[in-house]
Structure formats: structure tokens, C-alpha cells
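Chemist: Generate a structure from the sequence data that follows.
(chains A, B, C and D)
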Amino acid sequence: MDNKKKKVVVPIGPYHPLLEEPEYFALFCDGEVVVDVEWQAGYNHRGIEKLCETKSWDQITFLVERVCGICSTSHPFAYVNAVEDLAKVEIPERARYIRSIVGELERIHSHLLWVGLAGHFLGYNTVFMWAWKYREPVLDIFELITGNRQSYAMMKIGGVRRDVLDEDIPVVERVLDELKPKLEMLTQAVLDDPVLSARLKGVGVLTAQDIKDYGAVGPTARASGVAIDVRRDSPCAAYGLVNWQVITCQEGDVFAKAVVRLLECFESVKIIQQCLEKLKKNRGPIAVEVREIPPGEGIGHYEAPRGEVFHYVRSDGTNRPVRHKIRAPSFVNIPTFRASCLGQTISDVAIILAGVDPCYCCTERMLTVYDAQSGRKMMTGTDLVRLSQEKTEKIKQKMGKNG
Amino acid sequence: MDLKTKALTRSLWVFHLSTGSCNNCDIEILDCLTPRYDVERFGIVLVGSIKHADVLLVSGIGTRKNADRIKRLYEQMPKPGFVVAIGACACSGGIFRDGYAMAGPISEIIPVDVWIPGCPPKPEAIIAGIVTLLGRLK
Amino acid sequence: MNDHIGDLIQKRFTEKIKEVKTHSSHRVYLTVEKEDLLAVADYLFREKGARFVIASAVDELNQFEILYHFSFDKEDVMVSLRVRLTRDNPEAPSLSGLIKGAAWIEREMHELFGINFVGHPGLKRLLLPEDWPEKVYPLRKEFFMTEKKEG
Amino acid sequence: MVSFLLWLLLSLVFFSLLGMLSGWVDRKITARIQWRVGPPWWQNFADLTKLTAKEVVVPVTAGPFFFLAPVMGVAAVAVTGAVVLSALSGTGGETDVIVIIYLLVIPSLALILAGSSSGNPLASVGIARELKLVLGYELPFILALLVPVVKTGTTRLSTIFHLLQGPAVLSFSTIVALLVALFALLGKLGWVPFDVSEAETEIASGLLIEYSGWLLALFKLMKWMLLATGITFLVFYFLGGLAGPLTAVVKYIVLLVVMVLIKNTNPRLRIDQAMKFFWGWLTAFSLTAILLAFLGW
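Modeler: Numbering: from 1, shown residues only, chains lettered A, B, ... in the order given. The predicted structure follows:
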């Protein structure tokens, strides 16, 4: 492209306050108008796909949890779906409800996080603080039912790892009841703000054709009127057993994406409430035992907050996969920038980039290699969680003594 | 303690650097700014330029592609400046430690003053880490 | 319903489909020659309106395999096209002309497996660092940690 | 001349102290709106002290203006303050309101100079935006300042300060003009919604990206002083602040709080939207205000 050379290059990244993660976008600008975008990735490249080939089936759930911290239950979710597809395992009903509860809680926390960050990108820190304030109780629920604020370690091949205790259910219900009016208030505040509308409407429009060309998924697709949602299209866990709706918008701009995300939070609350009701009546096992994984291949997908997470596993009958392919939603969502950024101003690009809720950690999941011969001990996810909790305890004790 | 050190302990400006982390630590760092923890009470603010920073918060394994940039950013930080490694990955490499994509842990790339382990460390732990750093300044 | 899509493809490309594996009612794996890949993919993507999900390469020691996953969301069927490539000259036609979203994953497979995609507009590195040695492909089975130390 | 130097010194001390406290009020109210506690009152003093003790990292691309620009900015605001103070005391002589208009452009120019001499690509985007912004807010600002001129029939600053008291203050035209000037001041300060040139999440503090140590401290000081001087000027110019010292303080705080509230209830405007706002709505408002002033409203 010749016109690239003549234009000013405005770098966004690799270290840029817009992105919490390192990433490099070169914006080729003519004045304030962006004429081309180039993306350079790999700053976050860790090598999970290769590492998966060196781990046993059970360990991988912990590893894929660390593909991304924000969708830290979606990746294990898709992974166990894939392995269960491979081994043709049916999970017990109680496990289905628990999986959906964790998945939907994560969606609420992730969408609120996005709303807050989007406000922050627009210099509207009040929205940022309010959204994150309302997000805290969700993290509290997580700590209550899974033991950690992030990286919940709930998924397990054949079911879930922990049960949701009866005495915790009313607490979760109470928090959700309190959350709902706050969510409504926040949604009203965001959607009614005239200046926000001026900044977001008609910005970064993606057409349904763009979505199809790039294979974009999740809220990015649904905001453009493409009603795909893995939870409905391919119901796993409890999604076929409860009532909820797929939210779509037609406009395809950043505003529509915000609307979709905010309204999805309400659907998530609805799903969780129904699941909790069913949990009270259903007393079954929370997991079936899966002794070995037969040779073959399996595909699992799940609707993460950002879109479809896709996992492909292949087994040769040993205790570790031959190949594990992970496709995070951002991998197909980020290339749409080329369609949505061109012709926009730099100010808008910032919010467009934020609009698809890109998650670079997810995109660059690959590449850590581990020497199978050396036999050096690797830390597993459980070790890390245990260490982390021990450290926290220690710090707490120390703080307690000092203060 | 002289006035300058005292002023420094009351006004730490931090720059956050993610070098191949899984986002967990990053959002917990941001969480420290939000209403429940509100570190601005102690004069801690997140700044957008490394030139304004007193503390470099590093999370993640320190990928090979990043190693040079981490060093460069460290050099650009006006002294006195401190480095805090946040999370299991930054401290030791964590679950990704044997990967060839990894140049870290961070302490092998730049000198680290305080390590905050955890996957991810809770905001309380991060604040405790910063308090440790302040204690060391005195 | 599922047979419907599998049957349709088979009827249309009787000669070209070498092997059909139906794992479950939602998962179909079809093997095609790499010469026929574009035609079948075009049929799935353009005519049947399938969504391109992703491609995944597998190193099978004696050959490479690429699976192109297409999703029929309404029918809840995942159709995966399997292409086999020889190990000494791994080369496949590029789908990026047909599907824009395929450009990245082909770049990724190119750098991680060393597979060449004919007709790809910008087959350069996506993820690996600039100082990564040439002709070292980390996701191939022969790649071990020892090579990290050299690089 | 000697007396003006004294005024200058007084202005420097007074407005920097007042500015840092006002800056704290801003941070504190912001924090309260965001459900936070916020920093203690001496926070800005600690920040300033710390910055002066830090190393200054000078980029290789920096020119001489890299050092000159912040000094120039602070000096300009201090002179503005001195002019306002001396006019208030009645010793200002023939100083014109036009001087204030000139002086209040200099901080923006200093920022532009700073950005251009740092040679950073993000800063260059910041320069373009700041330039446009200056063009944007100057027009309604000047028009708004004309309203008291029309009312008093003079451009002499001290006369306006002393004449505009009592019922003339509460007229409809001054209120409109004041609001316009307040928005222009927000633009001069680079506060949300007009913080395009610094926009942390877009261009990483833009113009100031390369600054560190005492040079950055000077720019921070400039912003704080501009905040204090600007509001003080508005209080006396539009609101008849001379009527009583206590009411002047109340007026000052009210204006400050209004500005902070505007800042916290709006997202950042795109530069073209900001221009439209300044040249469209605000210019129309200020023209109306002038018309009303002529009619004696």
C-alpha cells in the first residue's frame, strides 16, 4: 500500500494505557482520520497449545483456565465439552446447573468490566468506577462458591469439581436481587446519556456481511443483527433447560455492542436464578467418573462473554492429548478492526478497539514448550492456586499481626 | 526521613506493564483503583506515561518478544523508580515457566524490588505489597 | 437433520469426498483432497451459509493434517473438512481469498507448523518474536525445549 | 514596575496555593461521585514535592523549548494573576481586558510548544488537537468577555471590576456569558469533556508524554494555577466578587464545583464534536448574551 508511506503513523501500544495488555496497532493516519490499521501480535504469546500436549487430561483444565483471566471459566467449559464430546460422556443434571451458574456469573462480571473500561476509554471515569463497584459483589459470590475471585477451577471432565452448598444459595440469591436494580440504573444511565450516544452511535459500524466474512462471534456479531449464540444453538450444560433470550441489535455500531452487553447481564441474572431454583430440588451427583479417554477427536464450544470459544482435542488413547487447538473469540473478532476502523478518527478508533472487548491473552494462547524428557516438575494449576491461597493467608496473618 | 522521601511515599505514581499475563493480575490491579479499595487515598494513581511513573508494576511472564521493551521502559523510568512483580508468572514464570516464549521471570530482565505472588494476587495482597515497598523506602 | 447436511455435501461432491466420519449427530468429519478444498469450502461458506470457525493443523509425524471447521449454527452441526499434506512439502491452497477471517489462522499455521499457503496475500509472522530462528516450527512434534536454548 | 513585581510574587504564591487546594477539591469531589474516599488535602503538595525530587529524563529528540515551555506557561499564568490582583486593588492602571485574553492563550501555546519539542508521535496528534481546541474555545470566550464590556462601556479591567456590582450582576446576559466562559475555561484546562489533547486512553497523556521530574511539576503547577486564576477572574469579572470577600469565596467554590460536576458527568468529546460545540452552541449563546446586554437585560 503506497498511501501508507505518506501518512503519519500513530502507534497504539505495545504499552499503551488503552490496553491493559501489550499489543501493537499502527494506525496510519491522514490528519485525524485513520486510513489503515496494522496489527502486530505476539507480545502475549505464552504457548498453551503445545503445553497442553505435555499435560494429562485433568491438568489441562487448570492450564486452559489461564488462557485468559477474564474468561477463566469459558475456556475450561469449552475444553470439557470437547473431551466429553470425544468420550461421549453425559454429565449429571446437577453439574449442568452449576456449570451454567458459574458461566453466567462470569458473563455478568465480564460485561460489567467491559462497560467500566469502555467508560474509562471515553474519559468517563464515573461510569468506570460505578460499573466496577457493582462488579465487586459478583466477585464476592465467586469467592463464596468457588473459593477464588478469578480462576475458579470449577470445571472437571464429567462434571464439576465442587458442589454449591445449600446454605450459600440464599446468599447468592440475595446478592443477585440487590444487583438487579443497580444494573437497571447503570443501563439507564449509559443508554440515556446524550453525550455517550453522540460518541458511540454510528461509530465503527460492522455489517452482517462483515461479520460473516470475518467469522466474528459473540456480542460483536449479535450487535450487527447476526443472532448466533452457542448457548442456544448448541445447548450444553443447563442452557436448554431454562428460559432466556438471545439479545440482538441491528445497528452494528459500538453503541449497539454496549446495549447487547448490558441487556445480556439481565438474561444472565435470569438464568442463574432459574438454575438456583432447580438446584434446590435436584440432589444428584455432581460428576461422573471418567476413567480414560478413548482415541478419537472431539470438538467443544461455549459462548464466552466475548463470543464463541472453540476447543478441538485429539486423543490417541494415552493420558494426554495429541493436539489441542484453542480458538478464542478475539482471534476472529480482532481482524474486524480493518473493516470498522478505516475512515474513522483516532478518538473513535480507541473506542472501536475497545468495542469488541478484545482479549489478547486469549488470542495468543500458544507456545510454551516443556521438555518431556527432562522430567522437571511443572507446577500445575492446583499447585498455583494452593500456593496463592497460602500466600494470601500468610499475608493476611502478617497484616493481622501488624495492624 | 527527609521531606523528599516522605513526599515520595505519599505520592506513588504507578505504570502498569503486562508482559504476557493472563489478564487476571491486570484486572486485579485495576480493581485496586475502584471504590472498594481506592488506593488514591494513599496518593497512588495509575499514570499513562512511563516518564511520569515512580513504580513499574509488571505482571506476566516477560515474553521473549517483550524482553527488550521491558528493559527500555525500565531505563526510561525517572529515578528513583521501583519495580514490583505481580503474580505467580512475574515472580517465577508460574505455569508457563518452561516455555521458550518466556524470557523472564521478570527479575532476570530488570531488578525487582518487591514480589507479590498469587494467581492472581487479591487486591488486598497487592496493596500489602505496595505497603512493603513503602516500608522499605523509609 | 444432520444427515441432511452430510448427505447434501456428499451428493454434491460424490467423487471428491474421500471419507466420511460421523462422530455424533452434531459432528461430521469429511476428508477431501487439497485440490478440491476450495470448491467444497466455497460450497459450504457461500452456498450453504456456514460460519467459518477456525482451522487447526495436526502433526501426525508422517504427514500434516489440517481441519477446517465450519459451523451450521441453526442446525447445530459442526462440519470439519480434513486435508492431508505430505511432510516434505506441506502446501495447501489459501482460503483467505474466499473467507477474510481465514487470513490470520493461515499465518499462524504457517509460522507454527511451517505449512505454506498458496495464494495468501501476506504470509508473514503473526505471533513469534522477531529474533525467532527461521525454519523452526514450535508446534511440530520434533520441537523440544533444547531448541529454545539455542535460539 | 517594582510594585508589579511584588504583585507577581504575590500572585505566584497565592494562586499556586489556591490552585493546589482547588485541585484537591476537584480530586476529592470526583472521588466522592465515584463512591471513593479520595486523597487527603495535602495530596497535591506531596505530588509536587515528589516530582521536583525526581530525575528528569530528556528525550534525544528534545529541543530547547522542551525546557522553556513549562517556564513560559507558569510565567504567563502568574502574570495573569498579577494583572487581576493589581486591577482588583485599583492600582492596575490602564490594564485592558484584552491583556487577559492574550495571556490566557499562552498556557495552551506552552503545551503545544512542549509537545512539538518532545518529538513523540502521540504528542504530535496532541498538538493538532490542542491547536484546533484553542481555535474552538477562543471565539466564544472572547465574545463572552465582551458582555461586561458592553455593560460598562469600557475595556479597562479595574473599572469593570469595580463597576459591575449589585443588580447588574444578576442580569440574564451575564449568567449566559459566564456559563460560556466557564466552558471555555474547561477547554483551557483540558478537562473532560475537552481533554482530547491529553486523552490518556487515546494518546497517553499526549503533549506531556515525554515530561518528567520538575518539568512535569511545572506543567502541573501551571494547570493548578490556571484553574485558580481562571475561576478568580470569572468571579470578579462576571459576578461582582468585590461586593464582599465572603461572598467571593462562596462564588469561587460554587464555580469550582460546577466545573467538577461537568467534568464527572460527561465522556470525552471527539475533537470535531468539541469544535461544533464551541463554534455552534457556545458562539450562538455568547452572541445572544451580547445582544441582551445591549438591550440592557
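Chemist: What segments of chain D are helices?
Modeler: In order along the chain, chain D carries the following helices (DSSP state H): D:2-33, D:43-53, D:65-89, D:97-103, D:106-118, D:121-152, D:157-163, D:172-189, D:200-203, D:213-238, D:245-264, D:271-276, D:283-294.
Chemist: Tell me which of those is the most buried.
Modeler: For the helices of chain D, average neighbour numbers computed from mean count of other CB atoms under 10 Å in any protein chain shown are highest in helix D:200-203, which has a mean of 27. Heads up, the C-betas are built off the backbone N, CA and C, glycines and all.
Chemist: now the helices of chain D in TSV, with distance to B:H52 and mean pLDDT?
Modeler: Shown next, in TSV, are the helices of chain D (distance: least, CB to CB, whole Å; pLDDT from 0 to 100):
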stretch	distance to B:H52	mean pLDDT
helix D:2-33	16	90
helix D:43-53	9	90
helix D:65-89	14	89
helix D:97-103	27	88
helix D:106-118	13	84
helix D:121-152	14	83
helix D:157-163	37	79
helix D:172-189	18	88
helix D:200-203	10	55
helix D:213-238	6	90
helix D:245-264	20	89
helix D:271-276	23	83
helix D:283-294	36	89
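Chemist: Spell out for me which residue occupies the centre of chain B.
Modeler: To find the centre residue of chain B, average its C-alpha atoms and take the closest one (CA atoms, centre = their mean): that gives B:L57, at 1.5 Å.
Chemist: Could you tell me the model confidence score at that residue?
Modeler: We note a pLDDT of 89 for B:L57 in this prediction.
Chemist: What are the buried residues along the longest helix seen in chain B?
Modeler: As assigned by DSSP H, the longest helix anywhere in chain B is helix B:123-137. For helix B:123-137, the buried set under the neighbour-count rule, 16 or more other CB atoms under 10 Å in any protein chain shown, comprises B:123, B:125-130, B:132-134.
Chemist: likewise stretch D:31-41?
Modeler: Neighbour counts using 16+ other CB under 10 Å place D:31, D:33-36, D:38-40 of stretch D:31-41 among the buried residues.
Chemist: D:G38 contacts D:V25, doesn't it?
Modeler: No. Contact criterion CB atoms under 8 Å: D:G38 and D:V25 do not qualify, at 10.0 Å.
Chemist: Same list (the buried residues of helix B:123-137) but as TSV, adding distance to chain A.
Modeler: As requested, the buried residues of helix B:123-137 are exported to TSV (distance: CB to the nearest CB, whole Å):
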residue	distance to chain A
B:P123	9
B:A125	5
B:I126	10
B:I127	9
B:A128	5
B:G129	8
B:I130	12
B:T132	9
B:L133	14
B:L134	13
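Chemist: Now flag whichever of those is closest to D:V249.
Modeler: Out of the buried residues of helix B:123-137, the one with the shortest distance to D:V249 is B:L134. That distance is 36.4 Å, counting by CB to CB.
Chemist: What sits closest to that closest one if chain neighbours are left out?
Modeler: If you skip the residues right next to it in sequence, B:L134 has B:T9 as its closest partner in space, 5.0 Å away by CB to CB, 6 or more residues apart in numbering or on different chains.
Chemist: Got the phi and psi for that neighbour?
Modeler: Dihedral pair for B:T9: phi -70, psi -20, per degrees, to the nearest 10.
Chemist: measure the nearest residue to C:I54 once chain neighbours are set aside to C:W104 for me?
Modeler: With CB to CB, 6+ apart as the measure, A:R327 is the residue that lies nearest to C:I54, at 4.0 Å, once sequence neighbours are left out. In this view, A:R327 and C:W104 are 10 Å apart by CB to CB, to the nearest Å.
Chemist: Next: A:N282.
Modeler: Distance from A:N282 to C:W104, counting by CB to CB: 43 Å.
Chemist: Please say which of these two ends up with more neighbours.
Modeler: When neighbours are counted by other CB atoms under 10 Å in any protein chain shown, C:W104 comes out ahead of the other of A:N282 and C:W104, with 21 against 13.
Chemist: Relative to A:S74, how far out is the more buried one?
Modeler: Taking CB to CB as the measure, C:W104 and A:S74 are separated by 20 Å.
Chemist: which stretches of the chain form strands?
Modeler: Looking at chain A here, since you left the chain open. Counting by DSSP state E, chain A has strands at residues A:8-12, A:24-30, A:33-40, A:155-156, A:159-160, A:296-304, A:307-315, A:321-327.
Chemist: Actually, chain B is the one I wanted.
Modeler: Here chain B has its strands, by DSSP E, at B:13-18, B:45-46, B:55-59, B:82-86, B:114-116.
Chemist: Look up phi and psi at the one residue in the stretch 151-300 of chain A that gets nearest to chain B.
Modeler: Of all residues in the stretch 151-300 of chain A, the one sitting closest to chain B is A:S151 (6.2 Å; CB to the nearest CB). Comment: the main-chain dihedrals of A:S151 come out as phi 50, psi 80, following degrees, to the nearest 10.
Chemist: Could you report the neighbour count for it?
Modeler: The burial count assigned to A:S151 is 24, neighbours taken as other CB under 10 Å.
Chemist: How about it, nearest residue that isn't a chain neighbour?
Modeler: Using CB to CB, 6+ apart and skipping residues adjacent in sequence, the residue nearest A:S151 is A:S72, 4.9 Å away.
Chemist: Look up how far A:G103 lies from that neighbour.
Modeler: As defined by CB to CB, A:S72 lies at a distance of 11 Å from A:G103.
Chemist: One more: A:W57?
Modeler: The span separating A:W57 from A:G103 equals 21 Å under the rule CB to CB.
Chemist: These two: which has the busier surroundings?
Modeler: A count of neighbours by other CB under 10 Å puts A:G103 above the other of A:W57 and A:G103, at 28 against 23.
Chemist: which residues touch the more buried one?
Modeler: Shown in contact with A:G103 (CB atoms under 8 Å, 6 or more residues apart in numbering or on different chains): A:73-74, A:77, A:237, A:302.
Chemist: Next one, pLDDT for it please.
Modeler: For A:G103, the pLDDT comes out at 91.
Chemist: neighbours around the nearest residue to A:W57 once chain neighbours are set aside, how many?
Modeler: Distances taken as CB to CB, 6+ apart place A:I293 nearest to A:W57, at 5.5 Å, with adjacent residues excluded. Residues contacting A:I293 under the criterion other CB under 10 Å number 23.
Chemist: same question, C:I99
Modeler: 24.
Chemist: That one should be in a strand, yeah?
Modeler: No. The assignment for C:I99, made by DSSP: H, G, I helix; E, B strand; the rest coil, is coil rather than a strand.
Chemist: Give me the nearest residue to it, chain neighbours excluded.
Modeler: The shortest distance from C:I99 to any residue that is not its chain neighbour, by CB to CB, 6+ apart, is 4.8 Å, and that residue is C:F52.
Chemist: name the helices or strands packed onto the helix or strand in which that neighbour is found?
Modeler: Under DSSP states H and E, the secondary-structure element containing C:F52 is strand C:51-59. Taking 3 or more CB pairs under 8 Å, 6 or more residues apart in numbering or on different chains; DSSP states H and E as the contact definition, the neighbouring helices and strands of strand C:51-59 are strand A:307-315, strand A:321-327, strand C:63-72, helix C:102-113.
Chemist: Columns distance to D:A76 and mean pLDDT on top of these, output as JSON lines?
Modeler: As requested, the helices and strands packed on strand C:51-59 are exported to JSON lines (distance: least, CB to CB, whole Å; pLDDT from 0 to 100):
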{"stretch": "strand A:307-315", "distance to D:A76": "52", "mean pLDDT": "90"}
{"stretch": "strand A:321-327", "distance to D:A76": "57", "mean pLDDT": "88"}
{"stretch": "strand C:63-72", "distance to D:A76": "63", "mean pLDDT": "91"}
{"stretch": "helix C:102-113", "distance to D:A76": "51", "mean pLDDT": "86"}
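Chemist: Ranking these by mean neighbour count, which comes first?
Modeler: The densest packing among the helices and strands packed on strand C:51-59, expressed as mean neighbour count by mean count of other CB under 10 Å, is seen in strand A:307-315 with a mean of 28.
Chemist: From the contact counts, what lies against it?
Modeler: Taking 3+ CB pairs under 8 Å, 6+ apart as the contact definition, the neighbouring helices and strands of strand A:307-315 are helix A:74-87, helix A:218-222, strand A:296-304, strand A:321-327, helix A:329-333, strand C:51-59, strand C:63-72.
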